[in-house]
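Colleague: This is the structure alone, sequence omitted:
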């Protein structure tokens with residue numbers, strides 16, 4: 001019985017809904033085809049680099065937007081950061 005409860009809680013923790021801002025960020029993320037380089041099953045790590053805090057995450061999102069000529073405004077970048085932080089990183093602000 002405890003095992004079943006554990007499984008239910010584990011499934012629930014991975015299926016928590018995204019915030020409205022994160023849903024918008026997901027749209028930008030998918031439209032820009034970011035997943036070509038950053039596969040979710042690889043934890044967004046590319047070439048041995050890893051984001052270690054929210055400030056670095058913001059910097060990486062901005063750099064990718066610039067390097068790949070994604071036409072995001074700063075508020076769009078913030079939405080993508082919100083999405084990535086909610087689904088993967090879980091950093092405090």
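Modeller: Yep, that arrived. Fair warning: this is a prediction, and the values are worked out from it, not measured in the lab.

Colleague: and residue 25, what does it touch?
Modeller: By Cβ atoms under 8 Å, 6 or more residues apart in numbering, the contact list for residue 25 reads 78, 79, 80, 81, 82, 83, 84. Backbone N, C-alpha and C define where each C-beta goes, glycine included.

Colleague: For it, what are phi and psi?
Modeller: Main-chain dihedrals, residue 25, degrees, to the nearest 10: phi -60, psi -40.

Colleague: Skipping adjacent residues, who's closest to it in space?
Modeller: Nearest residue to residue 25, sequence neighbours excluded (Cβ to Cβ, 6 or more residues apart in numbering): residue 83, at 3.1 Å.

Colleague: what do you get for residue 23?
Modeller: Per Cβ to Cβ, 6+ apart, closest to residue 23 is residue 83, 7.6 Å.

Colleague: so the one you found sits in a strand?
Modeller: No - under DSSP: H, G, I helix; E, B strand; the rest coil, residue 83 sits outside any strand and is assigned helix.

Colleague: what number of residues lie near it?
Modeller: Using other Cβ atoms under 10 Å, residue 83 has 24 other residues around it.

Colleague: So residue 35 versus residue 53, what's the distance?
Modeller: Noted for residue 35: a distance of 23 Å to residue 53, by Cβ to Cβ, to the nearest Å.
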